[in-house]
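>>> give me coordinates for this.
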Amino acid sequence: MFTFTGFVQLALVKKIYDLSKSTAGVRHKWSWAALAMGNTGGHTGSMRIPPGNGPHQVGCTDLMVGHTTEGTFLRLFYPCNTHEDSERPEWIPSQEYFNGLADFMKINRSISERIFNYLFGLCTQPYVASWPPKGSLLRLWSIGNESASATFYFTENAEAEQQKEQASCKPPSVNPPHLNQQWMYHRPIKPGESEFPLRNKQVKQRADECIRALDLLIEINSGSPVENVLRTQFDFSTLENCMDLCKIAIMGHSFGGATVIEGLCKEGKFKCGVALDAWMFPIDEEIFPRVKQPIFFINSEKFQWVGNILRIKKLDSAFIPRKMITIRGTVHQSFPDFTFLTGNWLGKLLKLKGDINPNVAMDLCNKASLAFLQRHLSLERDFNQWDPLIDGKDDNLIQGTNITVPQSSI
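I've put the predicted structure just below:
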């Protein structure tokens with residue numbers, strides 16, 4: 001389960017934004033072509049997110065149950081059969097996501113939208129939308145990524161009941177006519193406001209959302225009917241008895257890594273967790289003793305610092321498996337999709353790429369995660385061939401962390 005994320009340090013965008021307003025930018029006839037330096041894709045769309053390496057093609061569908069802010073909104077992935085010419089969903093399905101990122105970066109929406117559209121506007125995702133599922137789901141991963149820059153919900157029109165009746169006589173559409181789409185954007189810290197109470201409240205909310213999503217999928221698996229506010233063409237009844245509800249893990253990146261810890265504390269149905277470059281700040285340490293499940297921390301080389309590693313180490317246990325590795329040459333954005341959508345020069349300038357090939361880094365992350373999940377979910381697969389990666393046994397891995405932690409701090 002995830003929404004569009006990516007609070008990235010796009011320093012170049014601010015430089016472009018500043019240049020676009022300056023007389024120097026006019027004098028030198030600066031144009032969007034400058035963005036192509038080191039990013040040969042640009043608006044041509046040659047940059048792409050690589051397809052998965054698993055045995056199945058991947059389908060996805062969006063599900064919203066309850067249209068208000070108290071509802072559940074998720075994207076579900078599942079194995080399926082597809083054709084080569086199957087339509088791929090847009091990576092950024094709405095301009096509002098660009099607006100949310102611009103607000104987060106405190107730059108003008110209209111200018112940043114042109115920049116983001118040039119860089120990412122034609123990118124598609126390597127799976128198909130609302131395709132019929134194939135076989136059974138062996139695992140259920142509820143993924144909570146870092147805090148989103150934008151998401152949406154619905155409010156009812158004044159003429160809601162009349163429009164509901166009219167809508168029932170028409171073909172389904174993504175947005176029901178009796179509802180108004182309302183966008184929610186990143187909540188910045190106000191002047192003088194303490195950050196921890198807000199972020200702690202948010203991580204608890206995110207964990208609750210993951211648990212509600214899990215409960216919803218359990219209902220779907222039992223055959224209970226579901227009313228999808230988004231009215232996609234996907235038939236959720238095809239998922240009846242398709243999920244192995246004894247083998248559930250939670251996985252997330254950055255803020256989502258903190259959500260992993262919070263979710264494990266709140267819900268015992270999550271049998272283990274994988275935290276990718278977890279940002280530990282939002283979590284109240286008093287919950288650490290209540291987390292009883294195995295956890296695997298996979299860190300980047302450039303993001304972590306002493307304080308964050310110390311909080312991770314407070315989850316160490318002599319009785320419960322807790323593992324940590326670091327991927328050499330990686331940055332914080334080596335885990336999300338952004339790392340594949342820029343060229344080498346631009347990617348490094350934007351801190352979206354590290355020194356390691358992003359495909360190599362992602363492959364190590366995937367294989368190590370699968371080995372950990374097989375070990376703790378008793379999966380009947382061959383993922384144990386990658387068990388050495390869990391202990392950092394690879395030239396591109398570090399066992400534990402690259403951060404020097406003073407012994408006195410431990």
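
>>> C-alpha from now on. contacts and neighbour counts both.
Will do.

>>> quick one: the helices in the chain?
11-21, 23-27, 95-105, 109-120, 160-168, 195-221, 255-266, 306-313, 344-349, 358-377, 387-390 (DSSP state H).

>>> Ile49 contacts Gln125, correct?
Yes. Under the criterion of CA atoms under 8 Å, Ile49 makes contact with Gln125 at 6.5 Å.

>>> sorry, back to before: dump the helices of the chain to a markdown table, plus distance to Thr61 and mean pLDDT.
Putting the helices of the chain into a markdown table (distance: least, CA to CA, whole Å; pLDDT from 0 to 100) gives the following:
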| stretch | distance to Thr61 | mean pLDDT |
| --- | --- | --- |
| helix 11-21 | 32 | 49 |
| helix 23-27 | 43 | 41 |
| helix 95-105 | 18 | 83 |
| helix 109-120 | 21 | 83 |
| helix 160-168 | 22 | 48 |
| helix 195-221 | 13 | 94 |
| helix 255-266 | 21 | 95 |
| helix 306-313 | 34 | 97 |
| helix 344-349 | 30 | 85 |
| helix 358-377 | 22 | 97 |
| helix 387-390 | 32 | 98 |
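
>>> His376: what's it in contact with?
Lys271, Cys272, Pro294 (CA atoms under 8 Å, 6 or more residues apart in numbering).

>>> out of the residues you listed, flag the one nearest to Asn308.
Pro294 (19.0 Å; CA to CA).

>>> now stretch 366-381: buried residues?
Across stretch 366-381, burial judged by 16 or more other CA atoms under 10 Å covers Lys367, Ala368, Ser369, Leu370, Ala371, Phe372, Leu373, Gln374, His376, Leu377, Leu379.

>>> how far does it sit from its chain's centre?
Relative to its chain's centre, stretch 366-381 lies at 20 Å (CA atoms, centre = their mean, to the nearest Å).

>>> returning to what we had before: in JSON lines: the buried residues of stretch 366-381, plus distance to Phe73.
Listed next are these as JSON lines, based on distance: CA to CA, whole Å:
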{"residue": "Lys367", "distance to Phe73": "29"}
{"residue": "Ala368", "distance to Phe73": "29"}
{"residue": "Ser369", "distance to Phe73": "25"}
{"residue": "Leu370", "distance to Phe73": "26"}
{"residue": "Ala371", "distance to Phe73": "29"}
{"residue": "Phe372", "distance to Phe73": "28"}
{"residue": "Leu373", "distance to Phe73": "25"}
{"residue": "Gln374", "distance to Phe73": "28"}
{"residue": "His376", "distance to Phe73": "28"}
{"residue": "Leu377", "distance to Phe73": "26"}
{"residue": "Leu379", "distance to Phe73": "28"}
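
>>> spatially nearest residue to His67, not counting backbone neighbours?
Once flanking residues are discounted, His67 sits nearest to Phe154: 5.2 Å by CA to CA, 6 or more residues apart in numbering.

>>> what about the one you found, neighbour count?
Using other CA atoms under 10 Å, Phe154 has 19 other residues around it.

>>> quick check: it touching Pro177?
No. Under the criterion of CA under 8 Å, Phe154 makes no contact with Pro177, lying 10.7 Å away.

>>> and the strands in the stretch 51-200 of the chain, which stretches?
Taking DSSP state E, counting those that start in this stretch as the criterion, the stretch 51-200 of the chain carries its strands at 57-65, 72-80, 128-129, 140-143, 150-156, 179-185.

>>> select, out of those strands, the one closest to Pro388.
strand 140-143 (22.8 Å).

>>> how many other residues sit next to the closest residue to Asp62 other than its chain neighbours?
If the residues on either side of it in the chain are set aside, Asp62 comes closest to Arg75, at 4.4 Å by CA to CA, 6+ apart. Using other CA under 10 Å, Arg75 is surrounded by 15 other residues.

>>> Ile107 now?
Ile107 - counted by other CA under 10 Å - has 16 other residues nearby.

>>> please report how far it lies from Asn99.
For Ile107, the distance to Asn99 equals 9 Å [CA to CA, to the nearest Å].

>>> cool, Gly121 as well?
Distance from Gly121 to Asn99, by CA to CA: 13 Å.

>>> also Leu397?
In terms of CA to CA, Leu397 sits 37 Å off from Asn99.

>>> which one of those two is surrounded by more residues?
Taking other CA under 10 Å, Leu397 and Asn99 do not tie; Leu397 has more neighbours (25 against 21).
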